[in-house]
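In: Output the structure for:
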Amino acid sequence: MASLQTIEQERAKHALDAVKTWKNQGASDQKELKSYVVGMPAMILMSGFGQTCAFYKSKGGNHTLVLNVLEDWLGKGDLMNFITQSSAQDYQLAQAESFAYLNWLKKFAKAYLKNDSEGVNNAVATS
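Out: Residues are numbered from 1 along each chain as shown. You can find the predicted model right below:
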C-alpha cells in the first residue's frame with residue numbers, strides 16, 4: 001500500500017532535499033545562499049512575485065540556485081514564461097504556493113546551512 005503524504009509533507013521533503021543538496025555539494029557561500037532564501041518571501045511581498053523572480057534570475061549565482069528550486073517545485077516549466085503568460089488566477093495561485101514552499105525552504109536553510117566561514121551551523125528552530 002502506497003504511503004500518502006500531505007502537501008505540507010511533500011513541500012517539506014522537496015525543500016529539505018534541496019537544502020541538503022546545496023550543503024553536500026558545498027554551495028559556494030552558504031551564508032549568502034541562506035540570506036537569499038530567507039529574504040525572498042519579504043521581497044515578494046514588497047516588490048511582487050514576478051518582479052522578485054525576474055530579479056533572482058538576473059542576478060545569477062546563488063540567486064539562481066534559489067529560483068531554480070522554487071521553479072522545480074512549482075512545476076510550471078520556465079517560470080519567466082509562466083509569469084508573463086499565465087492568467088491572473090494561476091499567477092496568484094503560484095504566488096501563494098511559493099510562500100508556502102519558501103516557508104519550508106527558509107526553515108531548512110536556517111537549520112542546515114552555515115552561518116559563517118568558520119562553519120558554525122544554525123540549528124535553532126525559528127519561524
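In: Can you tell me the closest non-neighbouring residue to A94?
Out: L74 (5.7 Å; C-beta to C-beta, 6 or more residues apart in numbering). For every residue, glycine as well, the C-beta is placed using N, CA and C.
In: cool, and V19?
Out: Leaving aside its sequence neighbours, V19 sits nearest to F108 (C-beta to C-beta, 6+ apart; 4.2 Å).
In: Can you give me the neighbour number for the one you found?
Out: 20 (other C-beta atoms under 10 Å).
In: separation between it and S58?
Out: 25 Å (C-beta to C-beta, to the nearest Å).
In: what sits against the residue nearest to A94?
Out: Neighbour list for L74: 82, 94, 97-98, 101 [criterion: C-beta atoms under 8 Å, 6 or more residues apart in numbering].
In: Quick one, which of these are buried?
Out: Applying 16 or more other C-beta atoms under 10 Å to the contacts of L74, the neighbour count classes 82, 94, 97-98, 101 as buried.
In: Make a markdown table out of these and add pLDDT.
Out: Shown next, in a markdown table, are the buried ones among the contacts of L74 (pLDDT from 0 to 100):
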| residue | pLDDT |
| --- | --- |
| F82 | 97 |
| A94 | 97 |
| E97 | 98 |
| S98 | 98 |
| Y101 | 98 |
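In: Return the member of these nearest to H63.
Out: The shortest approach to H63 among the buried ones among the contacts of L74 belongs to S98, at 14.9 Å (C-beta to C-beta).
In: Thanks a lot, see you next time.
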